[in-house]
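Participant: just the structure for this:
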Amino acid sequence: MKTYLIKKYDTLSILVSAICMSGLLLILRVKLNKSFFYLFLVWNIVLAIVPYAITMYLSSVKLNRVKLGFWFCVWLLFLPNSPYIITDLLHLRVSNSHMLWLDILVILSFAASGLLLFFLSLNDMKILLSSHFKKAPIKHLITGIIFLSAFGVYLGRFLRYNSWEILSQPQQLISDIIDMFFYPKANYEVWLFTFGFGIFIFVGYWMFKKIYSLPST
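Facilitator: Residues are numbered from 1 along each chain as shown. Presented below is the predicted three-dimensional model:
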């Protein structure tokens with residue numbers, strides 16, 4: 001793990017700097033507005049870190065296919081938490097008009113950190129899967145994961161499901177998902193959001209890969 005952390009020093013430095021900046025902006029908002037309303041963003045960014053922490057761990061240890069498959073499922077459950085923070089922009093509807101620009105900066109800074117964590121974790125998982133399942137259509141799988149994450153964001157934002165509720169109350173969650181699939185017209189907003197948000201993340205990931213692969217000068 002130590003060797004891996006040294007190897008990823010530049011990336012981790014950027015991540016820590018981005019998260020610290022978000023925290024400072026949040027502290028500034030609390031001080032100026034005398035409001036703790038956006039403190040939930042701290043918990044959201046903690047959840048967003050979980051998928052990247054998992055892929056960091058997996059990238060630093062020896063794995064077999066069974067162990068990777070287990071951790072892949074756990075990772076997939078938590079992955080939507082990373083881009084989920086973008087939807088916290090909806091809270092601007094109830095924000096006080098006083099220094100609205102600061103509220104925008106606070107949410108956008110946390111959302112950007114979450115999105116970066118998502119892209120880094122997704123990229124690491126792609127490398128892990130490619131090294132263990134050489135004949136698998138990994139590119140298509142990654143695309144599917146992106147849109148599945150968008151669907152997960154909908155479940156979390158609008159149906160208020162948490163990642164761990166697939167274990168605590170799976171019956172209700174499965175029932176709701178089946179209803180969405182069998183009655184797509186009645187649930188058109190689900191698929192509209194999933195497609196739109198999925199395209200947004202997909203394009204963002206494509207841009208990230210292009211920039212991430214650029215040689216340093």
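Participant: low-confidence ranges, this protein, go.
Facilitator: By pLDDT under 70, the weakly predicted segments of the chain are 1-5, 97, 214-217.
Participant: tell me which other helices or strands the helix or strand where residue 14 lies touches.
Facilitator: In the assignment (DSSP states H and E), residue 14 maps to helix 9-33. Helix 9-33 sits against helix 40-59, helix 100-132, with contacts defined as 3 or more C-beta pairs under 8 Å, 6 or more residues apart in numbering; DSSP states H and E. Where you see a C-beta, it was placed from the backbone N, CA and C, and this is true even at glycine.
Participant: got the contact list for the shortest one?
Facilitator: For helix 40-59, contacts defined as C-beta atoms under 8 Å, 6 or more residues apart in numbering pick out 1, 4, 8, 15, 19, 22-23, 26, 68, 71, 74-75, 78-79, 81-82, 84-85, 88, 106-107, 110, 113-114, 117-118, 120-121, 124-125, 127-128, 163.
Participant: give me the buried positions along the helix or strand that that helix is followed by.
Facilitator: Counting by DSSP H and E, the next helix or strand C-terminal to helix 40-59 is helix 65-78. Buried residues in helix 65-78, counted by 16 or more other C-beta atoms under 10 Å: 68, 71-72, 75-78.
Participant: got it, and stretch 39-46?
Facilitator: Result for stretch 39-46 [16+ other C-beta under 10 Å]: buried residues 41, 44-45.
Participant: equivalent analysis for stretch 142-149, please.
Facilitator: For stretch 142-149, a neighbour-count test (16+ other C-beta under 10 Å) marks 142, 145-147, 149 as buried.
Participant: among these, which are in helices?
Facilitator: When DSSP state H defines the helices, the subset of those inside them is 142, 145-147, 149.
Participant: return the member of those nearest to residue 201.
Facilitator: Nearest to residue 201, judged by C-beta to C-beta, of these is residue 146 at 5.2 Å.
Participant: so for this structure, the centremost residue is which one?
Facilitator: residue 82 (1.7 Å; C-alpha atoms, centre = their mean).
Participant: mind listing what it touches?
Facilitator: Contacts of residue 82 (C-beta under 8 Å, 6+ apart): 48, 51-52, 114-115, 117-118, 121, 149.
Participant: switch to 6 Å and redo it
Facilitator: 48, 51, 114, 117-118 (C-beta atoms under 6 Å, 6 or more residues apart in numbering).
Participant: may I see the residues you listed organised as CSV, with neighbour count and distance to residue 193 added?
Facilitator: Shown next, in CSV, are these (neighbours: other C-beta atoms under 10 Å; distance: C-beta to C-beta, whole Å):
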residue, neighbour count, distance to residue 193
48, 28, 19
51, 27, 21
114, 26, 17
117, 27, 21
118, 27, 17
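Participant: from residue 46, how far out is residue 99?
Facilitator: 26 Å (C-beta to C-beta, to the nearest Å).
Participant: now swap in residue 85 and tell me
Facilitator: Residue 85 is 11 Å from residue 46, by C-beta to C-beta.
Participant: likewise for residue 129?
Facilitator: Relative to residue 46, and taking C-beta to C-beta, residue 129 is found at 26 Å.
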